[in-house]
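Undergrad: kindly return the folded structure for what I paste below:
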Amino acid sequence: MNFFDNHTHSTFSPDSSATVEAAVRTALQQNLMGIAITDHYDTDAPSRDQEFLFNPADQQAEIRRVCELLGDEMQARDFQVMRGIEVGLQPQIIGKIKDFTSQFQFDTVIASIHFVDGTDPYLGTYYGDKDYKYAYSHALEIMYETAVAYRDFDILGHYDYVSRYSPYGEGCRDITLAQFGDWLEPILKFLAQEGKTLELNTKTYMNHKGYIPQLDTAILRRFREFGGEALSLGSDSHNTLRYGDSFEKYAHIAKECGFRYLVWFKNRKPQYYKIDL
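TA: Purely as a prediction, here's the structure:
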């Protein structure tokens with residue numbers, strides 16, 4: 001089956017090397033259904049050189065240009081390119097995010113946690129002397145509080161981001177429902193009740209610092225039990241090398257966990273497609 005990649009970055013994100021044109025050309029070659037270009041809006045970063053900001057008007061103009069340039073090939077393959085944004089949630093900037101996103105029209109809004117308590121897990125500065133249970137549960141607590149406060153999103157991005165770059169040893173790297181259900185279940189219930197989507201971000205399950213985080217399928221099953229209808233697949237690709245990475249593997253897992261559909265978004269409306277494997 002063909003898949004839609006809901007989470008990709010272009011050079012409108014300062015940490016990405018993929019132009020919009022290169023992204024679309026490459027994704028077309030890989031026989032995807034389409035991609036959403038979801039560039040970073042992360043303000044109030046721990047340091048100014050980590051600010052991830054872009055002008056959606058410029059990004060969307062470039063998406064239109066590329067779609068006009070490659071329109072015949074896109075139409076022949078029924079390939080879609082969606083206008084997206086990935087907003088970084090922090091408690092003190094919810095109003096700022098709402099004001100910013102209200103100025104533009106998007107197809108897809110991903111809400112994610114990147115910075116916690118003014119620190120950056122990617123750089124390792126978040127973990128300090130915290131034990132893994134506190135480090136993970138605190139990040140999940142903030143994720144829930146900010147997601148509820150913001151609400152105007154379609155996909156909750158990489159809920160397990162904090163585990164990607166953690167320094168903890170074997171047995172203390174993964175986020176599981178058994179250990180973190182008290183913090184995960186309110187998130188999953190909120191998403192299901194609000195008709196929002198949980199992301200399977202395949203970048204999380206790559207090798208990070210010599211360890212590959214493992215997906216706990218009990219989390220997916222619990223989301224389904226709460227009424228979650230579909231999952232979103234996202235590569236979180238910042239170059240042209242990983243579009244659709246491992247999507248077939250995780251689509252199989254989604255199906256085994258009781259999901260019949262995956263989803264992408266157009267004009268903020270879910271577009272469901274059947275897991276046909």
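Undergrad: ok but D5 is inside a helix, no?
TA: No. Using DSSP: H, G, I helix; E, B strand; the rest coil, the secondary structure at D5 is strand, not a helix.
Undergrad: wait, what's in contact with it?
TA: 27, 32, 34-36, 233-235, 237, 243-244, 247 (CB atoms under 8 Å, 6 or more residues apart in numbering). Yep, even glycine has a C-beta here, placed from its N, CA and C like the rest.
Undergrad: by contact count, what packs against the worst-scoring helix or strand of the chain on mean pLDDT?
TA: Least confident helix or strand, the chain: helix 161-164 with a mean of 92, by mean pLDDT, DSSP states H and E. Counting contacts by 3 or more CB pairs under 8 Å, 6 or more residues apart in numbering; DSSP states H and E, helix 161-164 packs against helix 132-150.
Undergrad: mind checking how far the residue positioned nearest the centre of the chain is from Y261?
TA: Centroid-nearest residue in the chain, with CA atoms, centre = their mean: G157, separated by 3.1 Å. G157 is 19 Å from Y261, where distance means CB to CB, to the nearest Å.
Undergrad: try L28
TA: 24 Å.
Undergrad: before we move on, back to that, tell me the one of the contacts of D5 nearest T101?
TA: Distance to T101, by CB to CB, is smallest for A36 among the contacts of D5, at 14.8 Å.
Undergrad: what helix or strand is the residue located most distally from the centre of the chain located in?
TA: Distance from the centre of the chain peaks at D72, with 29.3 Å (CA atoms, centre = their mean). Here D72, judged by DSSP states H and E, is contained in helix 71-77.
Undergrad: go through that helix and flag the buried ones.
TA: M74 (16 or more other CB atoms under 10 Å).
Undergrad: what do you get for stretch 140-153?
TA: 140, 142-144, 146-147, 150, 153.
Undergrad: coming back round to it: neighbouring strands for the next helix or strand after the helix holding D72, and are they parallel or not?
TA: Per DSSP H and E, the first helix or strand lying C-terminal to helix 71-77 is strand 80-88. The strands that strand 80-88 pairs with in its sheet are strand 34-41 (parallel), strand 108-112 (parallel) (by DSSP bridges).
Undergrad: now the ones you listed in TSV, please, with extra columns for mean neighbour count, mean pLDDT and distance to F190.
TA: Listed next are the strands paired with strand 80-88 as TSV, based on neighbours: other CB atoms under 10 Å; pLDDT from 0 to 100; distance: least, CB to CB, whole Å:
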stretch	mean neighbour count	mean pLDDT	distance to F190
strand 34-41	26	98	21
strand 108-112	25	98	12
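Undergrad: present those as JSON lines; the columns should include distance to E62.
TA: Converted to JSON lines, these look like this (distance: least, CB to CB, whole Å):
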{"stretch": "strand 34-41", "distance to E62": "9"}
{"stretch": "strand 108-112", "distance to E62": "16"}
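Undergrad: pLDDT of stretch 258-269, averaged?
TA: Regarding stretch 258-269, the rounded mean pLDDT is 98.
Undergrad: should've said stretch 144-157
TA: Rounded mean pLDDT across stretch 144-157 is 98.
Undergrad: from the rest of the structure, what touches stretch 170-180?
TA: Residues contacting stretch 170-180 (CB under 8 Å, 6+ apart): 132-133, 136-137, 140, 159-160, 162-163, 166, 184-185, 211, 213-214, 216, 218-219, 222.
Undergrad: give the buried subset of those residues as a ChimeraX selection command.
TA: Buried residues within the contacts of stretch 170-180, by 16+ other CB under 10 Å, are selected in ChimeraX with:
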select :132,136,137,140,159,160,162,163,166,184,185,211,213,216,219,222
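Undergrad: which residues does the closest residue in space to Y41 that isn't next to it in sequence form a beta bridge with?
TA: What sits nearest to Y41 in space, not counting adjacent residues and going by CB to CB, 6 or more residues apart in numbering, is V87, at 4.9 Å. Taking DSSP bridges as the rule, V87 bridges to Y41, A111.
Undergrad: alright, calling it a day.
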